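Trainee: Provide a 3D model corresponding to the input given below.
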Amino acid sequence: MVDSEHLRKILSGALALSAKKIEINSLAGDASNRTYHRVSWEENGSARSLILMVMAAPEGFKASEEAVSGAPTEIAELPFINIQRHLHACKVAVPEILFYDAARGWMLLEDLGDITLAQVIQEKAAGNPAVLKEHYQKAIDTLLTIQADATAAPPNACIAHHRAFDQALFVWEFDHFIEYGIEARTGMPIPQKQRDAIRAYFSDIALRLASLPQVFTHRDYHSRNLMIQTDSVGFAVRVIDFQDALMGPPQYDLASLLRDSYIDLPEPVIDDLIAYYLQRKEARSGERVPPEMFREYFDLVSIQRNLKAAGRFVYIDRVKQNPRFLQYVPPTLRKVKRNLEKHRRLAPLHALLAEYVEELQP
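Mentor: As a prediction, the model looks like this:
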């Protein structure tokens, strides 16, 4: 229960807003331990609103909700605040932080509305390839800004520069899939010999991905974490849920976007959008990336990302008692199957996994 009187005092006092009577509505949350509420009021005849983010244990949120690797560094402030400041300085369109009440674990944020990229694609872009293309290209433009400008920031500018996707972290996420995506889901442990064989393939993929150049990586750059704001001249992409950012291969966030668990893009569309990404990247940096090599690693990181997501959805059900994401496990695994079938060298891994994952079977 939100203390509305205390909230009204913050609005009227610290933020100097004329909010005599406020309305508080709970919003659908994500898979995190945070809850969100829209705070609305009228001011001089106009409707105003902010988003209240409530953290169950603010000190606990200094640690990432995801597993991390990297050089140990003292965390003096919430990653959300630290990374928001960095991305905002890099001209990335993140929500403004208006007030932070550390004692209560409250953060008041700019209200970006309710329209996500996922909603636009599902409700407006169906049967309209031009709308789909326009929105994904703008999301890619925003991603390129993150990768170029947030990566090139001065040393020690942001906590994300001190943690990274290394082999150990990729392997940890693969193991998360084995533990929850296979064993918890089926209720059957994998025999040790087969488990070791699967982990050997996963370890090899992890090593290859960890050897790639690294850029600033959002880590959850998908259609539900991109808000769409429309006005009289067009639309803008706003980025949320960035607190787990770290350094990673440039293919990672692109795979999160194009092989999203919530949107099933046709393969020719993915091909066109990868080509757009590479063209825009070359135009911005002058760096030409061999498309075949980029695509091979894009597919590998897609497999890693999708397997981790499938395991995470089961984890959220079994550990957090939230079954809402289980419906996305089968479509996410079908993306893995399509990728495994494309690469002959992955056929032995595909055969091993298909023994335990129905969606990967021929």
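Trainee: show me where the protein has strands.
Mentor: 23-27, 34-43, 46-55, 97-101, 106-110, 215-217, 226-231, 234-239, 246-248 (DSSP state E).
Trainee: could the ones you listed go into TSV alongside mean neighbour count and mean pLDDT?
Mentor: Every C-beta, even on glycine, is put in place using the N, C-alpha and C of the backbone. As requested, the strands of the chain are exported to TSV (neighbours: other CB atoms under 10 Å; pLDDT from 0 to 100):
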stretch	mean neighbour count	mean pLDDT
strand 23-27	13	94
strand 34-43	17	92
strand 46-55	17	94
strand 97-101	17	95
strand 106-110	20	96
strand 215-217	25	97
strand 226-231	17	95
strand 234-239	16	96
strand 246-248	24	96
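Trainee: which one of the ones you listed lies nearest to R8?
Mentor: Closest approach to R8 among those is made by strand 34-43 (8.5 Å; CB to CB).
Trainee: pairing partners for the closest one, with directions?
Mentor: strand 23-27 (antiparallel), strand 46-55 (antiparallel) (DSSP bridges).
Trainee: and these: which comes nearest I270?
Mentor: Of all the strands paired with strand 34-43, strand 23-27 comes closest under CB to CB, at 30.7 Å.
Trainee: so which of the strands paired with strand 34-43 comes closest to L109?
Mentor: With CB to CB as the criterion, L109 lies closest to strand 46-55 of the strands paired with strand 34-43, at 4.5 Å.
Trainee: quick one: that closest one to chain centroid distance?
Mentor: With CA atoms, centre = their mean, to the nearest Å as the basis, strand 46-55 stands 22 Å off its chain's centre.
Trainee: follow-up on the earlier one: reformat the strands paired with strand 34-43 as CSV; add distance to K91.
Mentor: Compiled in CSV, the strands paired with strand 34-43 are given as follows (distance: least, CB to CB, whole Å):
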stretch, distance to K91
strand 23-27, 27
strand 46-55, 22
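Trainee: nearest to K281, of those strands?
Mentor: Among the strands paired with strand 34-43, strand 46-55 comes nearest to K281, with 32.7 Å by CB to CB.
Trainee: and the residue nearest the centre of the chain, what does it touch?
Mentor: Nearest to the geometric centre of the chain sits D220, at 1.0 Å (CA atoms, centre = their mean). D220 sits next to D241, F242, D244, S256 when contact means CB atoms under 8 Å, 6 or more residues apart in numbering.
Trainee: quick check on it: phi, psi?
Mentor: Note on D220: its backbone torsions stand at phi -150, psi 50 [degrees, to the nearest 10].
Trainee: give me the distance between it and M247.
Mentor: 15 Å (CB to CB, to the nearest Å).
Trainee: repeat that for R259.
Mentor: According to CB to CB, R259 and M247 sit 21 Å apart.
Trainee: do the same with W41
Mentor: Applying CB to CB, the value for W41 to M247 is 41 Å.
Trainee: A309 now?
Mentor: Distance from A309 to M247, by CB to CB: 20 Å.
Trainee: where does pLDDT dip in this protein?
Mentor: For the chain, the stretches with pLDDT under 70 are 29, 31, 57-75, 155-156.
Trainee: report all helices and strands that the longest helix belonging to it contacts.
Mentor: Secondary structure of the chain per DSSP state H: the longest helix is helix 291-318. Applying 3 or more CB pairs under 8 Å, 6 or more residues apart in numbering; DSSP states H and E, one finds that helix 291-318 contacts helix 167-176, helix 192-210, helix 251-258, helix 267-285, helix 329-342.
Trainee: so what's the gap between that helix and the chain middle?
Mentor: Distance, stretch centre to chain centre, for helix 291-318: 12 Å (CA atoms, centre = their mean).
Trainee: relative to helix 251-258, how tilted is that helix?
Mentor: 70 degrees (axes from the mean of the first three to the mean of the last three CA atoms, to 10 degrees).
Trainee: list the buried residues of helix 291-318.
Mentor: Across helix 291-318, burial judged by 16 or more other CB atoms under 10 Å covers 294-317.
Trainee: list the beta-bridge partners for V54.
Mentor: With DSSP bridges as the criterion, V54 is bridged to T35, W106.
Trainee: quick one, what contacts it?
Mentor: Neighbouring residues of V54 by CB under 8 Å, 6+ apart: V2, R34, T35, Y36, H37, R104, G105, W106.
Trainee: would you mind measuring from it to R34?
Mentor: 7 Å.
Trainee: same check, this time on A103
Mentor: 17 Å.
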